[in-house]
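S.K.: quick one: sequence and predicted model below, then my questions.
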Amino acid sequence: MRDVPLNSDSYPDPIGHADPWVFLGALAASTSRIALATGAIVLPLRHPLHIAKAVLSIASLSKGRFVLGLGSGDRPSEYDVFGEDIGNRKALFQSHWERLAVALGPDQKVVDEGGRVRKEFAIRPVLQQSSIPMVAVGSSSQSLEWIARRASAWMTYYRPLSVQKDRLALWHNARAKVAADFRGFGQSMVLDLLDNPQASYEEINLGGRTGRRGLIEALSAMREAGIHHVAFNLIAQGRPVGETVEEIAADILPAMR
């Protein structure tokens with residue numbers, strides 16, 4: 001689920017973007033096996049305790065199927081209308097992350113603006129799983145060492161694999177510097193999956209246009225390079241999206257097992 005608080009002429013997305021927490025509640029109630037994830041909640045523009053409440057609720061409703069992706073947003077005008085200065089987003093992201101992590105931790109502590117634990121308050125529901133994965137989506141003006149120390153994984157934007165390998169090297173170096181355990185590396189990817197299964201892979205803006213065979217080859221190369229997760233942003237050139245999803249489920253995912 002994407003988090004787009006406001007649409008404008010500078011962001012004329014036709015999808016409409018229902019509130020992510022409302023939509024996730026509906027998905028949690030109508031599904032039983034798939035993981036539910038945000039990609040990404042705009043952390044500086046939402047209060048961390050409100051996010052924590054929503055996260056705990058979705059985790060409970062979905063019985064532990066939720067992954068929390070967090071980003072900073074990048075539209076100055078959107079920051080302005082929410083009364084925040086985009087120049088402060090690095091500090092806001094850090095402080096909100098820390099308060100959110102504590103609220104989602106084993107003791108589910110409530111921390112106020114001054115950094116004090118407020119023992120007279122509790123945040124519910126009680127977390128039933130060991131932890132909520134917190135994934136950094138984009139760099140959010142943070143160093144990779146900061147992300148590697150705190151996040152379960154890092155999701156970045158699509159780049160041709162030869163270029164993305166450089167980002168992977170930087171990520172591995174950051175993990176080594178902070179002595180972090182395993183941290184996943186993922187990327188988003190615009191995908192135009194053609195109905196010709198033999199169509200070769202072609203680079204497009206932020207992704208690829210290809211047939212089934214080319215996609216399997218591209219994903220295999222990504223996995224070999226060390227990319228663990230790929231988030232598809234499907235576009236359709238006259239092909240029904242449902243048909244594309246069915247092909248991914250029936251023919252592509254089994255090939256990647």
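M.R.: That came in fine, so what should we check first? Numbering: from 1, shown residues only.

S.K.: going forward, measure contacts and count neighbours with C-alpha atoms only.
M.R.: Will do.

S.K.: element containing V67, please.
M.R.: strand 66-71 (DSSP states H and E).

S.K.: off-centre distance for whichever helix or strand comes after that strand?
M.R.: Counting by DSSP H and E, the next helix or strand C-terminal to strand 66-71 is helix 76-81. How far helix 76-81 lies from its chain's middle: 22 Å, per CA atoms, centre = their mean, to the nearest Å.

S.K.: show me what helix 76-81 is packed against.
M.R.: Packed against helix 76-81, as judged by 3 or more CA pairs under 8 Å, 6 or more residues apart in numbering; DSSP states H and E, are no other helices or strands.

S.K.: can you tell me the average pLDDT over it?
M.R.: For helix 76-81, mean pLDDT rounds to 92.

S.K.: contacts for it?
M.R.: Among residues not part of helix 76-81, those counted as contacts by CA atoms under 8 Å, 6 or more residues apart in numbering are L6, L45, D85, I86.

S.K.: now, which of the residues you listed sits nearest D192?
M.R.: L6 (26.6 Å; CA to CA).

S.K.: name the SS class of G186, please.
M.R.: Put simply, G186 is strand when judged by DSSP: H, G, I helix; E, B strand; the rest coil.

S.K.: what pLDDT is listed against it?
M.R.: On pLDDT, G186 comes in at 97.

S.K.: repeat that for G71.
M.R.: Looking at G71, the pLDDT reads 97.

S.K.: which residues touch it?
M.R.: G39, A40, I41, V42, L43, A136, V137, G138, S139, S140.

S.K.: doesn't P5 make contact with the second one?
M.R.: Which is A40. No. A40 is not in contact with P5 according to CA atoms under 8 Å; the separation is 11.3 Å.

S.K.: who's more crowded, the two?
M.R.: A40 (22 against 16; other CA atoms under 10 Å).

S.K.: ok, R212 to S10 distance?
M.R.: 34 Å (CA to CA, to the nearest Å).

S.K.: quick one: which of these two has more around it?
M.R.: The neighbour comparison of R212 against S10 (other CA under 10 Å) goes to R212, with 22 against 8.

S.K.: what's the mean pLDDT across stretch 224-237?
M.R.: 91.

S.K.: mean confidence for stretch 57-65?
M.R.: Averaging pLDDT along stretch 57-65 gives 96.

S.K.: repeat that for stretch 89-109.
M.R.: 97.

S.K.: list the contacts of it.
M.R.: 43-44, 47-49, 51-52, 56, 72, 110-111, 117-119, 122-123, 126-127, 130-132, 140-142.
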